[in-house]
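# everything below, folded, please.
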Amino acid sequence: MDISGHILRRGVSTYLGQPRDDNNPPEGIVYQIPTWVMVMVATTVFGFLFVMTMIDYTFGRLVPTLVMIESPDALFEPLPTIDPDSDEAINPNAALEAQPVAVKQAAITSSFRKTLKHLQAKGGIPSRFRGFSVFLVNSILFSIISSSLSAIPFVPSTVAAVLASVLLANFSMAWTHIVISDPNPKPWFRRLPSMRLYKKIVTPAAILAVAEQLSVLLPATLAKVYDFGKLKETAPTMSGGRTVVVGLEGFSIFIFGLVLAFFFVLPANVVLTRVQASLLDDAEESIVPFDRSFGGKVVPEIVGGTGIIGMVDAWKTFDWASRIRLLKSYAKVLLMQIGVIILFVIVVVIEVFAIAHLDLKKILPGDGNNGGDSEI
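Sure, this is the predicted structure:
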């Protein structure tokens, strides 16, 4: 509470143009922040963080993963329409044997509402955060490993991040399996794949890690080429023409990063997810329609195959309808995040003005209360 109060006092002081409440505050200036104000601001901040976390995890990670593996085309076994007591049923040559047919079903992941309704039917409201525990552990371990490796001399942070991702590939696959399968009473650490399966996903995991790092490193390098590091010094004296040029350069960096994400990170993520899904245990039922054979591309190990989809086939079997659904999902997530940020800023501004309005004359100097105590 003391830390929150100090941060809030600094924010209010900055907004009002007053000196901050440091160790030696100016004489006669005393800010007393009511507890309810701190509670209100803290509630707003935590609410914002919770909503953003839900959007990022549920809509930005969980739902896209289901889109990547769902197969709306399913084999349907038609029911017999012949009377079992008739001559046609007694004589096997009287009618052709019914064959399974492919039926085009509406994709469950065609909309967020439909997907969430399906997940809730399977596991209730907590299903929106299914797999969050292993995701959190994976994130913490990634931070520890990558920071430890980058502390080694001559090991760049990008290389450390790639190595950490590869070392934790089993955690990533466990998360994918938990997300795409029906609820299972086993704890997440008992669903970590064996080292035999780990070896099969090292390559696609490394490719995704490299693509992610390049999508950040290359735009950052382009920013250095544009000499963006000196903008703080040159901005005050920048001419109108130069301002336009800098704006175009910044826009080009954004477009460059978007192109890298679209053509490299997205396909690599789809490939890794589908390769991981192909290794889902046969005893596990998928939570959405899922063609485990990937159109016959996966040959089971029991008959001499690898039991895993190849990286090229993993991308080729991801049809255009699914790709469009995936892009729409990411676009919706981006719009949701922008909307929440705008709403948060509006709420904070309203709160600040509401707090200031409580005793505006005492907050602003020069309103007939100079030299007196100022309280909020």
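# report all helices and strands that the host helix or strand of residue 254 contacts.
Using DSSP states H and E, residue 254 maps to helix 240-260. The elements that helix 240-260 packs onto, with contact taken as 3 or more Cβ pairs under 8 Å, 6 or more residues apart in numbering; DSSP states H and E, are helix 195-225. For every residue, glycine as well, the C-beta is placed using N, CA and C.
# buried stuff in the helix it packs on?
Buried residues in helix 195-225, counted by 16 or more other Cβ atoms under 10 Å: 197-198, 200-201, 204-215, 217-219, 223.
# what do you get for stretch 280-291?
For stretch 280-291, burial by neighbour count (16+ other Cβ under 10 Å) applies to 280, 286, 287, 288, 290, 291.
# from those residues, which is closest to residue 156?
Sorting the buried residues of stretch 280-291 by how near they are to residue 156, with Cβ to Cβ, puts residue 280 at the top with 35.0 Å.
# so that closest one makes contact with residue 182?
No - taking contacts as Cβ atoms under 8 Å, residue 280 lies outside contact range of residue 182: 10.9 Å.
# what residues do those two have in common as contacts?
Residues touching both residue 280 and residue 182 by Cβ atoms under 8 Å, 6 or more residues apart in numbering: residue 286.
# quick one: low-confidence parts of the protein?
Along the chain, the parts satisfying pLDDT under 70 run over 1-33, 73-104, 235, 357-376.
# list the buried residues of the longest helix belonging to it.
Of all segments of type helix in the chain, defined using DSSP state H, the longest is helix 320-357. The neighbour-count check on helix 320-357 (16+ other Cβ under 10 Å) flags 322-323, 325-326, 329-330, 332-333, 336-337, 340, 344, 355 as buried.
# mind putting the residues you listed in a markdown table, distance to residue 131 included?
As requested, those are exported to a markdown table (distance: Cβ to Cβ, whole Å):
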| residue | distance to residue 131 |
| --- | --- |
| 322 | 21 |
| 323 | 23 |
| 325 | 21 |
| 326 | 19 |
| 329 | 17 |
| 330 | 19 |
| 332 | 21 |
| 333 | 17 |
| 336 | 20 |
| 337 | 21 |
| 340 | 23 |
| 344 | 27 |
| 355 | 40 |
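# correct me if wrong: residue 52 contacts residue 340.
Yes - under the criterion of Cβ under 8 Å, residue 52 makes contact with residue 340 at 6.1 Å.
# which ones are touching residue 280?
Residue 280 makes contact with 177, 180, 181, 286, 292, according to Cβ under 8 Å, 6+ apart.
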